[in-house]
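Peer 1: test case, fold it:
(4 chains)
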2 protein chains.
Amino acid sequence: MGSITYKHVHRHLLAIDCIIFGFDGEDLKGLFVKRKLEPQKGNWSLMGGFVSGIESVDAAAERVLYELTGLGNIYMEQLHCYGALDRDIEARVVSIAYFALINIADYSKELLEEHHATWVSLKKLPDLIFDHRQMVEDAKEKLREKVATHPVGFALLPPKFTLKQLQALYEAIYEMPLDKRNFSRKIFSMNILQKLEEKEKASSRKGSFYFIFDEAQYKLLEKEGLKFI
Amino acid sequence: MGSITYKHVHRHLLAIDCIIFGFDGEDLKGLFVKRKLEPQKGNWSLMGGFVSGIESVDAAAERVLYELTGLGNIYMEQLHCYGALDRDIEARVVSIAYFALINIADYSKELLEEHHATWVSLKKLPDLIFDHRQMVEDAKEKLREKVATHPVGFALLPPKFTLKQLQALYEAIYEMPLDKRNFSRKIFSMNILQKLEEKEKASSRKGSFYFIFDEAQYKLLEKEGLKFI
DNA sequence: ACAAAAGTGTTGTCTGTACACCCATGC
DNA sequence: GCATGGGTGTACAGACAACACTTTTGT
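Peer 2: Below is the predicted model of the structure:
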C-alpha cells in the first residue's frame, strides 16, 4: 500500500456517533437529540459529528462527546464501524460509533437544554434515525459483555454509592433481577470496593454504607480476570 | 447531521486491512505479504486495499479477501477501526481491520506465489509495518474470545476432522495444552459434531474417527449459548 | 507380541444459585 | 414498639480440573 499513489482513491465522509449511557438509579438511559426538522422529524438521533483531517478518530469521538456534555476524561470505547452504502439518507457517510459511560448527575439541565438533548430509557428503544437503533442495540450488548468482566460500570455511578445502587445498575444493564445476597458476596469477594464510614440515610432508617471503587486494588487483580456476572 | 451541507467536511482515505487466519495442524498462522521495497523493506504487511465509493465497508473487506485468496463465502468479522493520525507513513489513512478464518488447504501454492504471500506462524509475531502488529494482536485476542463461545473455529479446519485436530486447533489458539479427556467430553456434550463412519488412518494404526460440524444442530442450540473453553 | 495413538470414567473441588431471618434506626 | 430497608449464612447442584488405564491394529 505504501508505494502506490493515493490520487485516484475515493475519499469518504467519516462520521462519529456516540451512544452516551447514563443511569438514574432505576433505568439505563441514553442521551439523544430530538430532530426538529424533516426528514425524520420527531425521531431521536445519536449525537454525532465528523472526523476532521487533523485529529485521530478517537480524538474526534472525544471531541463530539465534549461538545455535547462538556465532559472530558470519560470512559469511552469504540463500538463498531458502520459502513453500509445507504445508511445515511443525505450522502454516503461511514460512521464509527463509540459508547461512553457517564455519571448522569454530572450532566446539567442547562447542557440538556442548550443542546436540545434528552435522556431516554433504553428498556424499549424509541424510533431512531438511520441505523442508530442498531448502534444502540449493539452498544447495549457490548456494555453487557464489558461490565460482566471489567469494572467499568462504576463510571455510571456517583463516586460513592451504596451496594444497592450498584446492584440496581447491574439489574438495569441485564434487565433481570439479581439476588442481593449472592450479589454482595460476589462483589465483596473481589476486594475492589472500599467501604466508607459514611452512610446514605435518605432511603432507609438504618442507613446503608457508601462504597468507592478501589482502583489501585483493581490494578493488582486485573491480570487474574474478574467475573461480575 | 442530516440537514447540514457536507461541502466543507474533510474526506478521508479509508483502507481495509485483513488478518487472515489459517491452521496447519500445529500452529495458528497468518497470511502476510513481504515488502520488497523501502520503506519497511523486508517487513511483513497485512493484505489491504481501499474502500471505494460504490461499495459498503463490509463489501470492500470481502473484495480485498477475494482478491488475495480467490475465496468467497468466508467467515469474516470486523475487528476495529484504526484511526491514529500518523498510523500510515505516506498519508492520513483510516483503516478498518477485519479478520477472516480460512481452511489453509483451500489456499493454493499458486495463489501464494502470485500474490507474494506467505503463511507465518503467530506464536511470536514478526515485525510488521505501521500498526499491523497491534491489529494482529487484537485479532488474536478477539479470536480467542470468539471461539470460546461460538463454533467458528471449524472454519479453520477441513470439513471433516478428527477430535485430535480440533483439540490441536484450540491449543494453538489459546497457546496452552488441554486435557484430551476433558476436551472430548465437553465437545461431545454440546451435540454439535456428527461422527462419520470413516477413519483417519495416516497418523495411527488404530485410526481415529472423522467428525463434521453439525450446523443444523448448532442452530437449535444457539440461543442457549455454548462454552468451548 | 509390541509399539503407538485412540478412546474412555471417577473423584474432589469450586462456583453458582436458591432461599429467609435478624438488625439497626427513626418515628 | 413497630415499620422499613440493610445486612448476612447455609445447603444443594452443576461445572470444572486432575488424573491413568484399556483398546485397537499394523508390523
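Peer 1: so which residues of chain A form helices?
Peer 2: A:57-69, A:109-114, A:132-149, A:163-174, A:180-190, A:215-221 (DSSP state H).
Peer 1: closest one to residue B:129 among these?
Peer 2: helix A:57-69 (19.5 Å; C-beta to C-beta). In short, each C-beta sits where N, CA and C put it, glycine included.
Peer 1: export the lengthiest strand in chain A to PDB, keeping only CA atoms.
Peer 2: Using DSSP state E, we find that the single longest strand of chain A is strand A:11-23. Below are the C-alpha coordinates for strand A:11-23, written out as PDB (Å, rounded to 0.1, in the frame of the first residue of the first chain):
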ATOM      1  CA  ARG A  11     -12.300   9.800  -0.200                       C
ATOM      2  CA  HIS A  12     -15.000   9.300   2.400                       C
ATOM      3  CA  LEU A  13     -17.000  11.400   4.800                       C
ATOM      4  CA  LEU A  14     -16.200   9.900   8.200                       C
ATOM      5  CA  ALA A  15     -18.700  10.500  11.000                       C
ATOM      6  CA  ILE A  16     -18.700   9.700  14.700                       C
ATOM      7  CA  ASP A  17     -21.800   8.700  16.500                       C
ATOM      8  CA  CYS A  18     -21.900   8.500  20.300                       C
ATOM      9  CA  ILE A  19     -24.000   6.300  22.400                       C
ATOM     10  CA  ILE A  20     -23.900   8.000  25.800                       C
ATOM     11  CA  PHE A  21     -25.100   5.800  28.700                       C
ATOM     12  CA  GLY A  22     -26.400   7.100  32.000                       C
ATOM     13  CA  PHE A  23     -28.100   5.500  35.000                       C
END
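Peer 1: gap between residue A:172 and chain B?
Peer 2: To chain B, residue A:172 is 21 Å away according to C-beta to the nearest C-beta, to the nearest Å.
Peer 1: touching, that residue and residue A:26? I think so.
Peer 2: Yes: using C-beta atoms under 8 Å, residue A:172 is in contact with residue A:26, at 7.0 Å.
Peer 1: compare those two (neighbour count), which wins?
Peer 2: More neighbours surround residue A:172 than the other of residue A:172 and residue A:26, with 21 against 12 (other C-beta atoms under 10 Å in any protein chain shown).
Peer 1: next, the contact list for the closest residue to the more buried one other than its chain neighbours, please.
Peer 2: What sits nearest to residue A:172 in space, not counting adjacent residues and going by C-beta to C-beta, 6 or more residues apart in numbering or on different chains, is residue A:28, at 4.3 Å. By C-beta atoms under 8 Å, 6 or more residues apart in numbering or on different chains, residue A:28 lies in contact with A:21-22, A:121-123, A:140, A:169, A:172-173.
Peer 1: from residue B:182, how far out is residue A:90?
Peer 2: Between residue A:90 and residue B:182 the computed distance is 56 Å (C-beta to C-beta, to the nearest Å).
Peer 1: right, I mislabeled it, should have said residue A:32
Peer 2: Separation of residue A:32 from residue B:182 (C-beta to C-beta): 48 Å.
Peer 1: who's more crowded, these two?
Peer 2: Neighbours were counted for residue A:32 and for residue B:182 using other C-beta under 10 Å; residue A:32 has more, 25 against 9.
Peer 1: tell me, how many residues neighbour the nearest residue to the more buried one once chain neighbours are set aside?
Peer 2: Distance criterion C-beta to C-beta, 6+ apart; nearest residue to residue A:32, sequence neighbours excluded, is residue A:44 at 4.1 Å. Neighbour count of residue A:44, defined by other C-beta under 10 Å: 22.
Peer 1: so what's residue A:44 bridging to?
Peer 2: residue A:34, residue A:128 (DSSP bridges).
Peer 1: read off the pLDDT value for residue A:109.
Peer 2: Listed pLDDT for residue A:109 reads 84.
Peer 1: roughly how far apart are the residue in chain A that DNA strand C sits nearest to and residue A:165?
Peer 2: Closest residue of chain A to DNA strand C, C-beta to the nearest atom of the strand: residue A:205 (3.2 Å). Using C-beta to C-beta, we find residue A:205 at a distance of 18 Å from residue A:165.
Peer 1: check residue A:192 too.
Peer 2: 16 Å.
Peer 1: quick one, which of the two is more surrounded?
Peer 2: Shown here are residue A:192 and residue A:165; by other C-beta under 10 Å, residue A:192 has more neighbours (22 against 19).
Peer 1: per the record, what domains does chain A have?
Peer 2: A:13-151, A:157-224 (automatic domain parsing).
Peer 1: so for the last one, mean pLDDT?
Peer 2: Spelled out, it's domain A:157-224. Mean predicted lDDT for domain A:157-224 stands at 95.
Peer 1: distance between that domain and the chain's centre?
Peer 2: From the chain centre to the centre of domain A:157-224 is a distance of 19 Å (C-alpha atoms, centre = their mean, to the nearest Å).
Peer 1: that domain: end-to-end distance?
Peer 2: End-to-end distance of domain A:157-224 (C-alpha to C-alpha, to the nearest Å): 25 Å.
Peer 1: does DNA strand D have contacts with it?
Peer 2: Yes: in terms of C-beta under 7 Å from any atom of the strand, part of domain A:157-224 sits within range of DNA strand D, namely A:162-164, A:180-182, A:184-185, A:203-209.
Peer 1: for stretch A:90-102, list the C-alpha coordinates in PDB.
Peer 2: Extracted in PDB, the C-alpha atoms of stretch A:90-102 (Å, rounded to 0.1, in the frame of the first residue of the first chain):
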ATOM      1  CA  GLU A  90     -28.200  12.600   2.500                       C
ATOM      2  CA  ALA A  91     -24.900  11.200   1.400                       C
ATOM      3  CA  ARG A  92     -22.500   8.300   1.600                       C
ATOM      4  CA  VAL A  93     -21.200   8.500   5.100                       C
ATOM      5  CA  VAL A  94     -19.200   5.900   7.000                       C
ATOM      6  CA  SER A  95     -19.800   6.200  10.700                       C
ATOM      7  CA  ILE A  96     -17.700   5.000  13.600                       C
ATOM      8  CA  ALA A  97     -19.800   4.500  16.700                       C
ATOM      9  CA  TYR A  98     -18.400   4.900  20.200                       C
ATOM     10  CA  PHE A  99     -20.100   4.400  23.500                       C
ATOM     11  CA  ALA A 100     -19.500   6.400  26.700                       C
ATOM     12  CA  LEU A 101     -20.400   5.900  30.300                       C
ATOM     13  CA  ILE A 102     -21.100   9.000  32.300                       C
END
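Peer 1: can you list the buried residues in it?
Peer 2: A:92-102 (16 or more other C-beta atoms under 10 Å in any protein chain shown).
Peer 1: filter those down to the ones close to chain B.
Peer 2: Contacts with chain B are made by A:92-94, A:96 out of these, judged by C-beta under 8 Å from any C-beta of the partner chain.
Peer 1: just put the residues you listed in JSON lines and tack on pLDDT.
Peer 2: As requested, those are exported to JSON lines (pLDDT from 0 to 100):
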{"residue": "A:92", "pLDDT": "96"}
{"residue": "A:93", "pLDDT": "97"}
{"residue": "A:94", "pLDDT": "98"}
{"residue": "A:96", "pLDDT": "98"}
